[in-house]
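Engineer: Below: sequence and its predicted model.
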Amino acid sequence: MMKTIVSGSKKLPRNLLFFSALLLVLLVSVWARAEQVTLAWDANTESDLAGYKLHYGTASNSYSVHIDVNNVTTYTVAGLSAGQTYYFAATAYDASGNESGYSNSVSYAVPASNGAPSTPATPSGASGALVNTPITFSTSATDPNGDSLQYRFDWGGGVLSSWGASSQSRGWAAAGQYAVKAQARDSLGAESAWSGAKIVTITSPAPVVTDSDGDGVPDSQDAFPNDPAEWADANGNRIGDNADAAQNHPPSAPLVLAPKANAVTALTPTVQVDVFVDPDAGDSHARTRWQIVQASNSLVVLDVTSTEELTALVVPSLLLDENTEYYWRAVFYDNHGAASEWSQQAWFQTDFSLTDSNGNGIPDSQEVDSGTDLNGNGVNDNEDVNVKAVQTKNGATKVGIGAAPSSGVFISSIESADSDVLDIDADADGIGDTLPFGLLNFKVILDNPGDQAVLTVYFSEPVRKKGRWYKYDPAQRRWSDFSHHAQFSADRMSMTLTITDGGEGDADGVANGIILDPAGVLEASSSGGDSLIEGVVGGVGSVVSAAPSGCFIGAACSSGAAGDGVRGGWLASGVLSLLGLLFRKVLKANC
């Protein structure tokens, strides 16, 4: 215990000490706030004692700061600089202002601030491996305070390891590229920045390839895995293409007859090619693919294959726009499925329409009167922007077609066709069937190719219960029962019809943002028989391909000649026919 030193009649503060317990607490928190120290001294006993002053500085016995702490015996000095040593002394003063000499001096070294570790080195390790193969990565960093360090790794995509050693391992389950980074943390919790990235490429093991016949084509891709001379069967006839090539040759490309040379045509011209020619004796003409393309934008407006219209095809009504340039071409197929090259492209231009003077998409002779409101919304159909209605050709009946506003569906045009020119016998019983509302042609424009259109068909009188919705395929000259896509209302004054662009029932055969639909309510004869349920042969793609062998029957196509995909659609049509026969028998039994 220090002795009290007297200066005059005054005594110096005794035992200037650190308040150790509090000091320790302050040292622990020094990095979170300004550094500070608490000092304590023995109280003087003079009766006129007024208070104490605390003096400190950064040199021994040289005090630059003087604080009147009043009459207390402990005081905390704040705002000290980390890493600096300070020297402290105290004096006492009485009520008259007399001040004692300095007490004994004590010093305090403020601990230096804790610094974060340095940024670790970019991790080292292999730059690639197979999936699920561990790679060991290493890194290092330094700490300005000499603290011990732990490390963690970012394995890419935000996946982090636990804190641990400077070397850690990782394997990846998925192939790809990953950026591996590292971070350091000292024993007091200070963290470094992330290191640079090590790019690691993870790959899948090469698949096991089996080639049983050693022809260089894997069994998984070989149509004849045990025959080294054959590996492909493009036409699916179970004869290898190499053998087929020796036995069969494709037919010659069709020779264009008309229209051509930019001829001006009506809106329903007949495209015509010369007779079928094949170098193999005995080969016959099985089918023809017809394609018409709008010249200004290469939009395929028709892409159908027909077994009926082999050398001439009447372009369906409403397909072509007036005063528009088109080109067309054709492909022949022989009875072995071999396809010719495309014919030469032939150009023509359509004339102006003489039947629709106001351009509203309805023939002038079929405009409904001003009192017609088939959908019952209080707006005359000839003024309703969401409905197009026609007076049918077979009498006093009327039919309208509408689409919901903002549905992405626009009814472009509609007409009633003369059904008397068609031989209608859907159930093939030898007795003609009737179309009470006539044959209806309509054209629908969609916002997006391949979209589905939901339409409402309105009738001027109820459809009889035996009436069903049938499609007509002008390329195949076939009727198809489409009632599974049509739902009549309870009063049978309207019907909801669903059609997919490029799908079954779209007569242009291609997903091009346009639906062309010859159809009508058909009442079959009362005798027995089977229905011909056959869909329209369809296509895909809205822009014409430059390659003659371009695929056009959807997923059924594969690489090779243009005929590769037709067979799939042809077989599918046959299956639909068989299903239709059964379906029609059930309907007849329940009618």
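Structural biologist: Thanks, I have it.

Engineer: domain ranges for this structure?
Structural biologist: 6-109, 128-203, 212-247, 250-591 (automatic domain parsing).

Engineer: and among those domains, the most buried is which?
Structural biologist: domain 250-591 (a mean of 18; mean count of other CB atoms under 10 Å). Every residue, glycine included, has its C-beta placed from N, CA and C.

Engineer: re earlier: export the domains of the chain as CSV, with columns for mean pLDDT.
Structural biologist: As requested, the domains of the chain are exported to CSV (pLDDT from 0 to 100):
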stretch, mean pLDDT
domain 6-109, 77
domain 128-203, 95
domain 212-247, 86
domain 250-591, 80
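
Engineer: Nearest to residue 118, out of those domains?
Structural biologist: Evaluated over the domains of the chain, closeness to residue 118 peaks at domain 128-203, with 4.9 Å, by CB to CB.

Engineer: Quick one: end-to-end length of the closest one, please.
Structural biologist: 8 Å (CA to CA, to the nearest Å).

Engineer: I'd guessed residue 224 sits against residue 239; true?
Structural biologist: No - counting by CB atoms under 8 Å, residue 224 does not reach residue 239; the two are 9.7 Å apart.

Engineer: check contacts around residue 48.
Structural biologist: 94, 95, 96 (CB atoms under 8 Å, 6 or more residues apart in numbering).

Engineer: In strands, which of those residues fall?
Structural biologist: residue 94 (DSSP state E).

Engineer: Quick check: the closest residue to residue 202 other than its chain neighbours vs residue 183, distance?
Structural biologist: Leaving aside its chain neighbours, residue 202 sits nearest to residue 172 (4.5 Å; criterion: CB to CB, 6 or more residues apart in numbering). For residue 172, the distance to residue 183 (CB to CB, to the nearest Å) stands at 20 Å.

Engineer: SS state for residue 343?
Structural biologist: What DSSP: H, G, I helix; E, B strand; the rest coil gives for residue 343 is coil.

Engineer: ok, it to residue 289 distance?
Structural biologist: 10 Å.

Engineer: okay, and the common contacts of those two?
Structural biologist: 330, 331.

Engineer: Quick check: chain neighbours aside, which residue is closest to residue 336?
Structural biologist: residue 248 is the one closest to residue 336 (CB to CB, 6+ apart), at 4.8 Å.

Engineer: Quick check, pLDDT for the one you found.
Structural biologist: The per-residue pLDDT reported for residue 248 equals 81.

Engineer: Now for it, how many residues are close by?
Structural biologist: 19 (other CB atoms under 10 Å).

Engineer: thinking it is in contact with residue 279, fair?
Structural biologist: No - counting by CB under 8 Å, residue 248 does not reach residue 279; the two are 9.4 Å apart.

Engineer: thinking again about what came up before, hey, what's in contact with both of residue 224 and residue 239?
Structural biologist: Joint contacts of residue 224 and residue 239 (CB under 8 Å, 6+ apart) are residue 233.

Engineer: which residues of the stretch 1-150 of the chain fall in strands?
Structural biologist: For the stretch 1-150 of the chain, strands defined by DSSP state E, counting those that start in this stretch occupy the ranges 6-7, 10-11, 14-18, 35-42, 49-57, 65-70, 74-80, 85-94, 106-109, 128-130, 135-138, 149-154.

Engineer: could these go into JSON lines alongside distance to residue 460?
Structural biologist: JSON lines is the format used below for those (distance: least, CB to CB, whole Å):
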{"stretch": "strand 6-7", "distance to residue 460": "126"}
{"stretch": "strand 10-11", "distance to residue 460": "124"}
{"stretch": "strand 14-18", "distance to residue 460": "108"}
{"stretch": "strand 35-42", "distance to residue 460": "97"}
{"stretch": "strand 49-57", "distance to residue 460": "108"}
{"stretch": "strand 65-70", "distance to residue 460": "106"}
{"stretch": "strand 74-80", "distance to residue 460": "97"}
{"stretch": "strand 85-94", "distance to residue 460": "106"}
{"stretch": "strand 106-109", "distance to residue 460": "106"}
{"stretch": "strand 128-130", "distance to residue 460": "72"}
{"stretch": "strand 135-138", "distance to residue 460": "77"}
{"stretch": "strand 149-154", "distance to residue 460": "72"}
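
Engineer: Ok, which of the ones you listed comes nearest residue 196?
Structural biologist: Nearest of the strands of the stretch 1-150 of the chain (CB to CB): strand 149-154, 11.5 Å.

Engineer: Against which helices or strands is the helix or strand just after the closest one packed?
Structural biologist: Using DSSP states H and E, the helix or strand that follows strand 149-154 in sequence is strand 167-170. With contacts defined as 3 or more CB pairs under 8 Å, 6 or more residues apart in numbering; DSSP states H and E, strand 167-170 has these neighbours: strand 135-138, strand 149-154.

Engineer: will you turn those strands into TSV that also has distance to residue 119?
Structural biologist: Listed next are the helices and strands packed on strand 167-170 as TSV, based on distance: least, CB to CB, whole Å:
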stretch	distance to residue 119
strand 135-138	15
strand 149-154	12
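
Engineer: Any idea which of the ones you listed gets closest to residue 330?
Structural biologist: Of all these, strand 135-138 comes closest under CB to CB, at 60.3 Å.

Engineer: where along this structure do the helices fall?
Structural biologist: 20-28, 241-247, 566-590 (DSSP state H).

Engineer: which residues sit against the shortest one?
Structural biologist: Contact with helix 241-247 is made by 229, 230, 232, 233, 234, 235, 237, 239, 336, 338, as judged by CB under 8 Å, 6+ apart.

Engineer: with those in mind, which one is nearest to residue 39?
Structural biologist: Looking across the contacts of helix 241-247 and measuring by CB to CB, the closest to residue 39 is residue 232, at 97.1 Å.

Engineer: The closest one and residue 223 touch, don't they?
Structural biologist: Yes - in this structure, residue 232 is within contact of residue 223 by CB under 8 Å, at 5.6 Å.

Engineer: Can you pull the residues that touch both of those two?
Structural biologist: residue 240.

Engineer: Contact partners for the residue nearest to residue 336?
Structural biologist: 280, 283, 334, 336, 338.

Engineer: Adding distance to residue 90, write those out as a markdown table.
Structural biologist: Putting the contacts of residue 248 into a markdown table (distance: CB to CB, whole Å) gives the following:
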| residue | distance to residue 90 |
| --- | --- |
| 280 | 122 |
| 283 | 122 |
| 334 | 118 |
| 336 | 116 |
| 338 | 114 |
